[in-house]
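[1] Below is the structure, and that's it, no one-letter string:
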Ligand code: ATP
Ligand code: MG
(Lines give C-alpha, C1' and ligand atoms only; values in the text may rest on other atoms or scores of the structure.)
(Ligands and ions follow the chains in the order given, each with its own letter.)
Protein backbone atom coordinates (compact mmCIF):
# COMPACT_ATOMS: atom_id res chain seq x y z
CA UNK A 1 0.00 0.00 0.00
CA UNK A 2 1.37 3.40 -0.96
CA UNK A 3 0.57 6.70 0.75
CA UNK A 4 -1.34 7.64 -2.40
CA UNK A 5 -4.39 6.31 -4.14
CA UNK A 6 -5.88 7.13 -7.53
CA UNK A 7 -7.92 10.37 -7.52
CA UNK A 8 -11.69 10.22 -6.99
CA UNK A 9 -13.58 9.18 -10.10
CA UNK A 10 -10.60 7.39 -11.65
CA UNK A 11 -9.43 3.80 -11.58
CA UNK A 12 -6.37 1.87 -12.64
CA UNK A 13 -6.53 -0.69 -15.41
CA UNK A 14 -4.56 -3.72 -14.33
CA UNK A 15 -4.02 -7.24 -15.63
CA UNK A 16 -5.96 -9.40 -16.14
CA UNK A 17 -8.95 -6.99 -16.50
CA UNK A 18 -6.99 -4.57 -18.68
CA UNK A 19 -6.94 -7.23 -21.44
CA UNK A 20 -10.71 -6.95 -21.88
CA UNK A 21 -10.36 -3.20 -22.09
CA UNK A 22 -7.82 -3.46 -24.91
CA UNK A 23 -9.96 -6.06 -26.65
CA UNK A 24 -12.92 -3.65 -26.63
CA UNK A 25 -10.82 -0.84 -28.09
CA UNK A 26 -9.56 -3.17 -30.79
CA UNK A 27 -13.01 -4.58 -31.58
CA UNK A 28 -14.39 -1.08 -32.12
CA UNK A 29 -11.41 0.00 -34.21
CA UNK A 30 -11.29 -3.04 -36.52
CA UNK A 31 -14.54 -2.36 -38.46
CA UNK A 32 -13.52 1.31 -38.86
CA UNK A 33 -10.15 0.40 -40.36
CA UNK A 34 -11.87 -1.93 -42.82
CA UNK A 35 -14.20 0.89 -43.83
CA UNK A 36 -11.42 3.33 -44.74
CA UNK A 37 -11.24 5.44 -41.58
CA UNK A 38 -7.73 6.75 -40.84
CA UNK A 39 -6.36 7.09 -37.32
CA UNK A 40 -6.15 10.57 -35.80
CA UNK A 41 -4.67 11.58 -32.46
CA UNK A 42 -5.08 15.05 -30.98
CA UNK A 43 -3.65 16.63 -27.80
CA UNK A 44 -5.10 15.82 -24.41
CA UNK A 45 -5.85 19.50 -23.89
CA UNK A 46 -7.06 22.31 -26.14
CA UNK A 47 -7.95 25.97 -25.85
CA UNK A 48 -10.99 26.30 -23.59
CA UNK A 49 -12.68 28.33 -26.30
CA UNK A 50 -12.72 25.38 -28.74
CA UNK A 51 -14.95 23.39 -26.40
CA UNK A 52 -16.95 26.41 -25.24
CA UNK A 53 -17.90 27.08 -28.85
CA UNK A 54 -17.68 23.61 -30.32
CA UNK A 55 -19.51 21.74 -27.57
CA UNK A 56 -21.80 24.59 -26.59
CA UNK A 57 -21.83 27.20 -23.82
CA UNK A 58 -25.12 25.87 -22.46
CA UNK A 59 -24.17 22.20 -22.18
CA UNK A 60 -23.40 20.46 -18.90
CA UNK A 61 -20.01 19.56 -20.31
CA UNK A 62 -18.98 23.19 -20.68
CA UNK A 63 -20.80 24.72 -17.71
CA UNK A 64 -20.01 22.07 -15.10
CA UNK A 65 -17.79 19.28 -16.29
CA UNK A 66 -14.64 20.77 -17.81
CA UNK A 67 -11.25 20.63 -16.14
CA UNK A 68 -9.72 23.99 -16.99
CA UNK A 69 -6.35 25.47 -16.19
CA UNK A 70 -4.38 28.59 -16.91
CA UNK A 71 -0.79 28.05 -17.98
CA UNK A 72 2.12 30.06 -16.56
CA UNK A 73 1.95 32.03 -19.81
CA UNK A 74 -1.70 32.88 -19.21
CA UNK A 75 -3.26 30.56 -21.81
CA UNK A 76 -6.60 29.04 -20.83
CA UNK A 77 -6.69 25.34 -21.57
CA UNK A 78 -9.13 22.51 -20.87
CA UNK A 79 -8.54 18.79 -20.62
CA UNK A 80 -10.54 17.38 -23.51
CA UNK A 81 -14.05 16.38 -22.40
CA UNK A 82 -14.89 14.78 -25.78
CA UNK A 83 -13.31 14.13 -29.17
CA UNK A 84 -15.38 15.65 -31.96
CA UNK A 85 -14.42 19.32 -31.61
CA UNK A 86 -10.71 18.44 -31.42
CA UNK A 87 -10.83 16.10 -34.42
CA UNK A 88 -12.63 18.65 -36.55
CA UNK A 89 -10.21 21.35 -35.39
CA UNK A 90 -7.28 19.13 -36.40
CA UNK A 91 -8.78 18.31 -39.80
CA UNK A 92 -9.44 21.99 -40.53
CA UNK A 93 -5.99 23.03 -39.31
CA UNK A 94 -4.33 20.52 -41.65
CA UNK A 95 -6.70 21.36 -44.49
CA UNK A 96 -7.63 17.70 -44.86
CA UNK A 97 -10.98 18.77 -46.31
CA UNK A 98 -9.17 20.45 -49.22
CA UNK A 99 -6.44 17.93 -49.88
CA UNK A 100 -8.53 14.96 -50.92
CA UNK A 101 -12.02 13.90 -51.74
CA UNK A 102 -14.78 14.26 -49.18
CA UNK A 103 -15.72 12.87 -46.79
CA UNK A 104 -12.57 12.81 -44.67
CA UNK A 105 -13.04 9.68 -42.54
CA UNK A 106 -11.16 9.56 -39.23
CA UNK A 107 -11.19 7.43 -36.10
CA UNK A 108 -9.65 8.01 -32.70
CA UNK A 109 -9.15 6.33 -29.36
CA UNK A 110 -8.29 8.10 -26.16
CA UNK A 111 -9.05 9.22 -22.64
CA UNK A 112 -11.44 12.05 -21.82
CA UNK A 113 -12.00 14.11 -18.69
CA UNK A 114 -15.20 15.35 -17.12
CA UNK A 115 -15.73 16.63 -13.61
CA UNK A 116 -18.81 14.54 -12.85
CA UNK A 117 -20.31 12.91 -9.79
CA UNK A 118 -18.53 9.55 -9.86
CA UNK A 119 -20.66 6.40 -9.78
CA UNK A 120 -20.69 3.01 -11.46
CA UNK A 121 -20.13 3.63 -15.18
CA UNK A 122 -19.52 7.36 -14.70
CA UNK A 123 -15.95 8.43 -14.15
CA UNK A 124 -13.89 11.60 -14.27
CA UNK A 125 -11.34 9.95 -16.55
CA UNK A 126 -12.81 7.58 -19.12
CA UNK A 127 -12.08 6.18 -22.56
CA UNK A 128 -13.81 6.45 -25.88
CA UNK A 129 -13.24 5.18 -29.38
CA UNK A 130 -14.79 7.55 -31.89
CA UNK A 131 -15.27 8.04 -35.60
CA UNK A 132 -16.06 11.09 -37.69
CA UNK A 133 -16.95 11.40 -41.40
CA UNK A 134 -16.36 15.03 -42.29
CA UNK A 135 -17.69 17.00 -45.23
CA UNK A 136 -20.47 14.97 -46.80
CA UNK A 137 -24.20 14.76 -46.50
CA UNK A 138 -25.45 11.35 -47.51
CA UNK A 139 -27.73 8.97 -45.59
CA UNK A 140 -25.33 6.18 -46.59
CA UNK A 141 -22.68 7.76 -44.39
CA UNK A 142 -24.95 8.01 -41.34
CA UNK A 143 -26.02 4.40 -41.89
CA UNK A 144 -22.42 3.25 -42.43
CA UNK A 145 -21.29 4.62 -39.08
CA UNK A 146 -24.23 3.13 -37.20
CA UNK A 147 -23.67 -0.25 -38.87
CA UNK A 148 -19.95 -0.18 -37.98
CA UNK A 149 -20.77 0.45 -34.32
CA UNK A 150 -23.41 -2.28 -34.29
CA UNK A 151 -20.92 -4.67 -35.92
CA UNK A 152 -18.34 -3.80 -33.27
CA UNK A 153 -20.72 -4.64 -30.43
CA UNK A 154 -21.73 -7.85 -32.17
CA UNK A 155 -18.13 -8.91 -32.75
CA UNK A 156 -17.57 -8.60 -29.01
CA UNK A 157 -20.39 -11.05 -28.40
CA UNK A 158 -22.74 -8.47 -26.88
CA UNK A 159 -26.40 -9.19 -27.53
CA UNK A 160 -28.06 -6.62 -25.24
CA UNK A 161 -27.10 -3.40 -27.01
CA UNK A 162 -30.11 -1.53 -28.38
CA UNK A 163 -30.05 1.31 -30.90
CA UNK A 164 -32.29 4.35 -30.39
CA UNK A 165 -32.75 6.60 -33.40
CA UNK A 166 -34.16 10.06 -34.01
CA UNK A 167 -33.84 13.09 -36.26
CA UNK A 168 -33.23 16.54 -34.79
CA UNK A 169 -34.15 18.44 -37.94
CA UNK A 170 -32.02 21.14 -39.51
CA UNK A 171 -31.72 24.91 -39.84
CA UNK A 172 -35.00 25.00 -41.73
CA UNK A 173 -37.30 23.12 -39.39
CA UNK A 174 -35.58 23.21 -36.01
CA UNK A 175 -36.24 26.93 -35.17
CA UNK A 176 -40.03 26.61 -35.49
CA UNK A 177 -39.99 23.47 -33.39
CA UNK A 178 -37.75 25.11 -30.81
CA UNK A 179 -40.30 27.88 -30.42
CA UNK A 180 -43.21 25.45 -30.11
CA UNK A 181 -41.28 23.52 -27.48
CA UNK A 182 -40.37 26.67 -25.55
CA UNK A 183 -44.02 27.75 -25.47
CA UNK A 184 -44.98 24.34 -24.10
CA UNK A 185 -42.17 24.25 -21.51
CA UNK A 186 -42.87 27.77 -20.21
CA UNK A 187 -46.26 26.53 -19.06
CA UNK A 188 -44.81 23.78 -16.84
CA UNK A 189 -43.97 23.78 -13.15
CA UNK A 190 -40.16 23.72 -13.21
CA UNK A 191 -37.29 24.87 -11.01
CA UNK A 192 -35.27 28.01 -11.66
CA UNK A 193 -32.34 26.29 -13.40
CA UNK A 194 -34.58 24.34 -15.75
CA UNK A 195 -36.58 27.48 -16.58
CA UNK A 196 -33.33 29.18 -17.56
CA UNK A 197 -32.49 26.20 -19.74
CA UNK A 198 -35.77 26.62 -21.65
CA UNK A 199 -34.46 29.90 -23.01
CA UNK A 200 -30.94 28.70 -23.85
CA UNK A 201 -31.22 25.06 -24.84
CA UNK A 202 -34.83 23.86 -24.65
CA UNK A 203 -34.14 20.49 -26.33
CA UNK A 204 -31.96 19.63 -23.36
CA UNK A 205 -34.98 19.86 -21.07
CA UNK A 206 -36.43 16.86 -22.91
CA UNK A 207 -33.44 14.91 -21.63
CA UNK A 208 -34.29 15.56 -17.97
CA UNK A 209 -34.29 12.28 -16.06
CA UNK A 210 -36.24 13.39 -12.95
CA UNK A 211 -39.64 11.62 -12.65
CA UNK A 212 -41.65 14.77 -11.83
CA UNK A 213 -40.21 16.51 -14.91
CA UNK A 214 -40.67 13.43 -17.08
CA UNK A 215 -44.33 13.27 -16.12
CA UNK A 216 -44.88 16.85 -17.25
CA UNK A 217 -43.06 16.18 -20.52
CA UNK A 218 -45.48 13.46 -21.61
CA UNK A 219 -47.37 15.83 -23.93
CA UNK A 220 -44.37 17.83 -25.17
CA UNK A 221 -44.38 18.56 -28.91
CA UNK A 222 -42.07 16.21 -30.80
CA UNK A 223 -39.62 17.18 -33.49
CA UNK A 224 -40.86 14.21 -35.49
CA UNK A 225 -44.06 16.15 -36.18
CA UNK A 226 -42.16 19.28 -37.24
CA UNK A 227 -39.55 17.88 -39.65
CA UNK A 228 -39.27 19.57 -43.06
CA UNK A 229 -39.62 17.47 -46.21
CA UNK A 230 -35.89 17.13 -46.88
CA UNK A 231 -35.17 16.10 -43.26
CA UNK A 232 -37.99 13.56 -43.42
CA UNK A 233 -36.67 12.11 -46.66
CA UNK A 234 -33.11 11.97 -45.31
CA UNK A 235 -34.26 10.22 -42.15
CA UNK A 236 -36.31 7.68 -44.08
CA UNK A 237 -33.19 7.02 -46.17
CA UNK A 238 -31.13 6.23 -43.06
CA UNK A 239 -33.86 4.03 -41.62
CA UNK A 240 -34.20 2.03 -44.86
CA UNK A 241 -30.44 1.45 -45.07
CA UNK A 242 -30.29 0.21 -41.49
CA UNK A 243 -33.17 -2.15 -42.09
CA UNK A 244 -31.51 -3.46 -45.25
CA UNK A 245 -28.31 -4.10 -43.27
CA UNK A 246 -30.23 -6.04 -40.63
CA UNK A 247 -29.49 -3.52 -37.87
CA UNK A 248 -32.55 -3.26 -35.63
CA UNK A 249 -33.43 0.12 -34.12
CA UNK A 250 -36.14 1.79 -32.09
CA UNK A 251 -37.49 5.18 -33.15
CA UNK A 252 -37.18 7.39 -30.09
CA UNK A 253 -38.77 10.78 -30.79
CA UNK A 254 -37.61 12.06 -27.38
CA UNK A 255 -33.94 11.30 -28.00
CA UNK A 256 -31.87 14.47 -27.91
CA UNK A 257 -28.14 14.86 -27.45
CA UNK A 258 -26.44 16.85 -24.73
CA UNK A 259 -24.42 18.69 -27.34
CA UNK A 260 -25.75 21.75 -29.16
CA UNK A 261 -24.36 21.15 -32.61
CA UNK A 262 -26.27 18.02 -33.56
CA UNK A 263 -28.63 18.12 -36.56
CA UNK A 264 -30.71 15.49 -38.33
CA UNK A 265 -29.64 11.90 -37.51
CA UNK A 266 -29.06 11.35 -33.82
CA UNK A 267 -28.67 8.02 -32.08
CA UNK A 268 -27.68 6.31 -28.90
CA UNK A 269 -26.65 2.78 -28.09
CA UNK A 270 -27.98 1.64 -24.73
CA UNK A 271 -27.51 -1.46 -22.63
CA UNK A 272 -30.07 -2.46 -20.04
CA UNK A 273 -27.63 -4.22 -17.73
CA UNK A 274 -25.88 -1.05 -16.60
CA UNK A 275 -28.35 0.62 -14.25
CA UNK A 276 -28.82 4.33 -14.79
CA UNK A 277 -25.61 4.77 -16.81
CA UNK A 278 -27.18 2.90 -19.70
CA UNK A 279 -25.70 4.78 -22.68
CA UNK A 280 -22.75 2.84 -24.08
CA UNK A 281 -22.30 5.12 -27.06
CA UNK A 282 -23.88 7.85 -29.07
CA UNK A 283 -23.53 10.21 -31.95
CA UNK A 284 -25.13 11.84 -34.89
CA UNK A 285 -24.89 14.46 -37.56
CA UNK A 286 -23.34 17.84 -36.74
CA UNK A 287 -23.73 19.88 -39.88
CA UNK A 288 -23.15 23.24 -38.22
CA UNK A 289 -20.06 22.55 -36.11
CA UNK A 290 -17.37 23.44 -38.62
CA UNK A 291 -18.73 26.95 -39.13
CA UNK A 292 -19.10 27.35 -35.36
CA UNK A 293 -15.36 26.91 -34.93
CA UNK A 294 -14.41 29.13 -37.85
CA UNK A 295 -14.32 26.61 -40.71
CA UNK A 296 -16.26 26.32 -43.96
CA UNK A 297 -19.61 24.54 -44.18
CA UNK A 298 -18.75 20.86 -43.71
CA UNK A 299 -21.72 18.65 -42.95
CA UNK A 300 -20.45 15.75 -40.89
CA UNK A 301 -21.51 12.75 -38.86
CA UNK A 302 -19.81 10.78 -36.11
CA UNK A 303 -20.05 8.80 -32.92
CA UNK A 304 -18.17 8.06 -29.74
CA UNK A 305 -18.46 4.75 -27.95
CA UNK A 306 -17.59 4.48 -24.28
CA UNK A 307 -14.96 1.82 -23.67
CA UNK A 308 -15.48 1.65 -19.88
CA UNK A 309 -19.21 1.08 -20.16
CA UNK A 310 -18.76 -1.46 -22.99
CA UNK A 311 -16.49 -3.45 -20.66
CA UNK A 312 -19.20 -3.22 -17.97
CA UNK A 313 -21.79 -4.41 -20.52
CA UNK A 314 -19.63 -7.45 -21.33
CA UNK A 315 -19.38 -8.20 -17.63
CA UNK A 316 -23.15 -7.76 -17.19
CA UNK A 317 -23.77 -10.29 -19.97
CA UNK A 318 -21.09 -12.65 -18.67
CA UNK A 319 -19.23 -12.48 -21.98
CA UNK A 320 -15.44 -12.71 -21.95
CA UNK A 321 -13.95 -11.14 -25.08
CA UNK A 322 -11.44 -13.32 -26.92
CA UNK A 323 -8.15 -12.21 -25.49
CA UNK A 324 -4.84 -13.64 -26.74
CA UNK A 325 -3.20 -15.80 -24.06
CA UNK A 326 -0.51 -13.89 -22.23
CA UNK A 327 1.71 -16.95 -22.37
CA UNK A 328 1.76 -20.06 -24.56
CA UNK A 329 5.07 -21.50 -23.44
CA UNK A 330 6.83 -21.17 -20.08
CA UNK A 331 10.54 -21.97 -19.83
CA UNK A 332 11.88 -23.69 -16.69
CA UNK A 333 15.70 -23.86 -16.68
CA UNK A 334 17.71 -25.80 -14.10
CA UNK A 335 21.24 -24.44 -13.87
CA UNK A 336 23.19 -21.69 -15.59
CA UNK A 337 23.78 -23.46 -18.89
CA UNK A 338 20.06 -24.29 -19.13
CA UNK A 339 19.20 -20.63 -18.43
CA UNK A 340 21.37 -19.54 -21.35
CA UNK A 341 19.91 -22.13 -23.72
CA UNK A 342 16.28 -21.64 -22.72
CA UNK A 343 16.46 -17.86 -22.74
CA UNK A 344 17.63 -18.10 -26.35
CA UNK A 345 14.68 -20.43 -27.05
CA UNK A 346 12.25 -17.95 -25.46
CA UNK A 347 13.64 -15.10 -27.57
CA UNK A 348 13.33 -17.20 -30.71
CA UNK A 349 9.76 -18.24 -29.84
CA UNK A 350 8.73 -14.63 -29.27
CA UNK A 351 10.24 -13.63 -32.60
CA UNK A 352 8.23 -16.43 -34.20
CA UNK A 353 5.05 -14.95 -32.72
CA UNK A 354 4.66 -17.39 -29.83
CA UNK A 355 3.91 -15.82 -26.42
CA UNK A 356 6.67 -17.15 -24.17
CA UNK A 357 7.78 -16.44 -20.60
CA UNK A 358 10.64 -17.50 -18.37
CA UNK A 359 11.29 -18.52 -14.76
CA UNK A 360 13.45 -15.58 -13.71
CA UNK A 361 15.72 -15.27 -10.71
CA UNK A 362 17.13 -18.79 -10.52
CA UNK A 363 14.09 -20.29 -8.75
CA UNK A 364 14.03 -23.97 -7.88
CA UNK A 365 12.08 -26.33 -10.12
CA UNK A 366 9.08 -26.49 -7.80
CA UNK A 367 8.60 -22.71 -7.61
CA UNK A 368 9.24 -22.49 -11.36
CA UNK A 369 6.56 -25.06 -12.18
CA UNK A 370 4.15 -23.16 -9.95
CA UNK A 371 4.91 -19.99 -11.92
CA UNK A 372 4.41 -21.94 -15.16
CA UNK A 373 0.97 -23.13 -14.06
CA UNK A 374 -0.01 -19.68 -12.85
CA UNK A 375 0.99 -18.10 -16.17
CA UNK A 376 -1.77 -19.92 -18.02
CA UNK A 377 0.76 -21.35 -20.51
CA UNK A 378 -0.16 -24.48 -22.41
CA UNK A 379 3.37 -25.93 -22.36
CA UNK A 380 6.29 -25.84 -19.96
CA UNK A 381 9.75 -26.49 -21.35
CA UNK A 382 12.02 -27.95 -18.68
CA UNK A 383 15.76 -28.20 -19.22
CA UNK A 384 18.31 -29.77 -16.85
CA UNK A 385 21.98 -30.72 -17.15
CA UNK A 386 21.20 -34.27 -18.21
CA UNK A 387 18.82 -33.03 -20.92
CA UNK A 388 21.54 -30.75 -22.29
CA UNK A 389 23.97 -33.69 -22.39
CA UNK A 390 21.38 -35.67 -24.33
CA UNK A 391 20.51 -32.73 -26.62
CA UNK A 392 16.82 -32.66 -25.63
CA UNK A 393 14.35 -30.59 -23.61
CA UNK A 394 11.31 -31.89 -21.73
CA UNK A 395 8.07 -30.44 -23.13
CA UNK A 396 5.26 -30.78 -20.63
CA UNK A 397 1.63 -30.31 -21.63
CA UNK A 398 0.26 -28.38 -18.65
CA UNK A 399 -3.32 -29.37 -19.48
CA UNK A 400 -2.88 -33.16 -19.76
CA UNK A 401 0.33 -33.49 -17.73
CA UNK A 402 1.97 -35.51 -20.55
CA UNK A 403 5.68 -34.97 -21.01
CA UNK A 404 7.89 -35.76 -24.01
CA UNK A 405 11.57 -35.25 -24.78
CA UNK A 406 12.09 -33.05 -27.85
CA UNK A 407 15.46 -32.52 -29.62
CA UNK A 408 16.87 -29.09 -28.77
CA UNK A 409 17.67 -28.21 -32.36
CA UNK A 410 14.05 -28.60 -33.43
CA UNK A 411 12.48 -27.22 -30.23
CA UNK A 412 11.06 -23.92 -31.53
CA UNK A 413 9.54 -25.54 -34.63
CA UNK A 414 8.13 -28.37 -32.52
CA UNK A 415 6.44 -25.98 -30.07
CA UNK A 416 5.09 -23.78 -32.86
CA UNK A 417 3.63 -26.88 -34.55
CA UNK A 418 2.10 -28.14 -31.29
CA UNK A 419 0.41 -24.78 -30.73
CA UNK A 420 -0.92 -24.80 -34.29
CA UNK A 421 -1.67 -21.88 -36.56
CA UNK A 422 -4.62 -20.77 -34.44
CA UNK A 423 -2.53 -20.55 -31.28
CA UNK A 424 -3.40 -17.74 -28.99
CA UNK A 425 -0.84 -14.99 -29.12
CA UNK A 426 -0.10 -15.61 -32.79
CA UNK A 427 -0.53 -12.60 -35.12
P1 LIG B 1 -24.42 10.45 -20.29
O2 LIG B 1 -25.80 10.85 -20.71
O3 LIG B 1 -24.34 9.08 -19.71
O4 LIG B 1 -23.76 11.50 -19.43
P5 LIG B 1 -23.17 11.64 -22.57
O6 LIG B 1 -24.31 12.04 -23.44
O7 LIG B 1 -22.55 12.69 -21.72
O8 LIG B 1 -23.58 10.39 -21.66
P9 LIG B 1 -21.37 11.38 -24.78
O10 LIG B 1 -20.76 12.72 -24.59
O11 LIG B 1 -22.28 11.17 -25.92
O12 LIG B 1 -22.08 10.90 -23.43
O13 LIG B 1 -20.20 10.29 -24.84
C14 LIG B 1 -20.32 9.05 -25.53
C15 LIG B 1 -20.14 7.87 -24.60
O16 LIG B 1 -19.03 8.05 -23.74
C17 LIG B 1 -21.30 7.63 -23.65
O18 LIG B 1 -22.31 6.91 -24.29
C19 LIG B 1 -20.64 6.83 -22.55
O20 LIG B 1 -20.54 5.45 -22.91
C21 LIG B 1 -19.27 7.41 -22.50
N22 LIG B 1 -19.16 8.37 -21.38
C23 LIG B 1 -19.55 9.66 -21.35
N24 LIG B 1 -19.28 10.21 -20.15
C25 LIG B 1 -18.71 9.23 -19.40
C26 LIG B 1 -18.19 9.16 -18.06
N27 LIG B 1 -18.19 10.22 -17.26
N28 LIG B 1 -17.67 7.98 -17.63
C29 LIG B 1 -17.65 6.89 -18.44
N30 LIG B 1 -18.11 6.90 -19.69
C31 LIG B 1 -18.64 8.04 -20.18
MG1 MG C 1 -22.74 13.26 -19.75
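    Thanks, I have the structure now. Just so it is clear, the structure is predicted and the values come from calculations on it, not from any experiment. Ligands and ions are numbered 1, 2, ... in the order given.

[2] Show me which residues of this protein sit near ligand 1.
    Applying C-beta under 6 Å from any ligand atom, one finds that the chain approaches ligand 1 through 82, 114, 116, 122-123, 126, 128, 258, 277, 279-282, 304, 306, 308-309. Where you see a C-beta, it was placed from the backbone N, CA and C, and this is true even at glycine.

[3] So which bits of stretch 389-404 are buried?
    Along stretch 389-404, these residues count as buried under the neighbour rule (16 or more other C-beta atoms under 10 Å): 392, 393, 395, 396, 398.

[4] of those, closest to ligand 1?
    Nearest to ligand 1 among the buried residues of stretch 389-404 is residue 398, at 38.4 Å by C-beta to the nearest ligand atom.

[5] ok, the closest one - contacts?
    The neighbours of residue 398, taking C-beta atoms under 8 Å, 6 or more residues apart in numbering as the test, are 330, 372, 373, 377, 378, 379, 380.

[6] Now, of these, which are buried?
    When burial is judged by neighbour count using 16+ other C-beta under 10 Å, the buried members of the contacts of residue 398 are 330, 372, 377, 378, 379, 380.

[7] Farthest-apart pair in those residues, please.
    The distance between the two most remote of those (C-beta to C-beta) is 10.2 Å, for 372 and 378.

[8] So which of the buried residues of stretch 389-404 sit within strands?
    Counting by DSSP state E, the members of those that fall within strands are 392, 393, 395, 396.

[9] Looking at the contacts of residue 398, which one is closest to residue 66?
    Nearest to residue 66, judged by C-beta to C-beta, of the contacts of residue 398 is residue 377 at 46.5 Å.

[10] would you turn the buried residues of stretch 389-404 into TSV with pLDDT and distance to residue 353?
    What follows is the buried residues of stretch 389-404, written out as TSV (pLDDT from 0 to 100; distance: C-beta to C-beta, whole Å):
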residue	pLDDT	distance to residue 353
392	98	24
393	98	20
395	98	18
396	98	22
398	97	20
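
[11] Just give me the closest of these to residue 108.
    Nearest to residue 108 among the buried residues of stretch 389-404: residue 398, at 40.3 Å, using C-beta to C-beta.

[12] Residue 376 versus the closest one, what's the distance?
    Spatial separation of residue 398 from residue 376 under the definition C-beta to C-beta, to the nearest Å is 9 Å.

[13] From start to finish, how long is stretch 388-408 in a straight line?
    The separation between the terminal residues of stretch 388-408, taken as C-alpha to C-alpha, to the nearest Å, is 8 Å.

[14] Which single residue of the stretch 201-350 of the chain approaches ligand 1 most closely?
    When you check the stretch 201-350 of the chain against ligand 1 by C-beta to the nearest ligand atom, the closest residue turns out to be residue 306, at 2.1 Å.
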